[in-house]
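A.B. asks: here's my sequence, what's the structure:
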Amino acid sequence: MDRVISLIRRARQKAGDTRPILFLIIDDSGCHKDHSTRKMEGLDFHFSHSEGKSVWSHCLVTAHVVSEGFSFAWDFRPYFREGYCQEHGLAFKSKNGLAIEIVNAFPANEDEQVYVLMDS
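C.D. replies: Predicted structure coming up:
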């Protein structure tokens with residue numbers, strides 16, 4: 001990540017922009033549970049790219065911030081399938097919708113250059 005920041009910083013300085021660079025990284029993450037876990041709310045089968053199959057888990061859309069040598073978790077939102085939301089009287093939000101909420105809630109200001117990174 002340091003190499004990427006260095007390359008971007010050099011290119012921006014050539015253009016006269018010396019604002020600090022900040023990365024807001026959005027991703028979804030599964031919190032796997034044992035199949036015997038049944039009474040915990042919000043569990044469902046979610047596809048795990050690392051395992052190549054659906055696994056019993058919670059699913060979170062997360063935000064991570066990297067800036068000026070610091071890296072920290074920023075925010076997260078639980079993702080629930082549409083059927084679960086209907087059953088529990090919750091408004092359904094897609095993973096993309098949750099990601100948009102997180103990006104819109106991020107308190108960026110004009111004194112910094114924010115890059116939003118996410119996978120497909």
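
A.B. asks: same for the longest helix seen in the chain, what does it pack against?
C.D. replies: Ordering each helix of the chain by length in residues (DSSP state H) puts helix 2-14 first. Under the contact definition 3 or more C-beta pairs under 8 Å, 6 or more residues apart in numbering; DSSP states H and E, helix 2-14 sits against strand 21-32. Yep, even glycine has a C-beta here, placed from its N, CA and C like the rest.

A.B. asks: identify each buried residue in the helix or strand following the strand it packs on, please.
C.D. replies: Downstream of strand 21-32, the next assigned helix or strand under DSSP states H and E is strand 44-48. The neighbour-count check on strand 44-48 (16 or more other C-beta atoms under 10 Å) flags 46, 48 as buried.

A.B. asks: what's the answer for stretch 2-15, then?
C.D. replies: Quick answer for stretch 2-15 (16+ other C-beta under 10 Å): 5, 9.

A.B. asks: show residues contacting that stretch.
C.D. replies: 18-19, 21, 23, 66, 113, 115 (C-beta atoms under 8 Å, 6 or more residues apart in numbering).

A.B. asks: now for those: which two are most distant?
C.D. replies: Farthest apart among the contacts of stretch 2-15 by C-beta to C-beta are 18 and 66. That separation is 18.4 Å.

A.B. asks: more neighbours, these two?
C.D. replies: The neighbour count for residue 18 versus residue 66, taken as other C-beta atoms under 10 Å, is higher for residue 66 (19 against 9).

A.B. asks: pLDDT score for residue 16?
C.D. replies: Per-residue pLDDT puts residue 16 at 89.

A.B. asks: and it, what element?
C.D. replies: Residue 16 belongs to no helix or strand, assigned by DSSP H and E.

A.B. asks: to what extent is it buried, counted in neighbours?
C.D. replies: Residues contacting residue 16 under the criterion other C-beta under 10 Å number 6.

A.B. asks: next, it: phi, psi?
C.D. replies: Residue 16 adopts backbone torsions of phi 90, psi 10, taken as degrees, to the nearest 10.

A.B. asks: brilliant, that's me finished.
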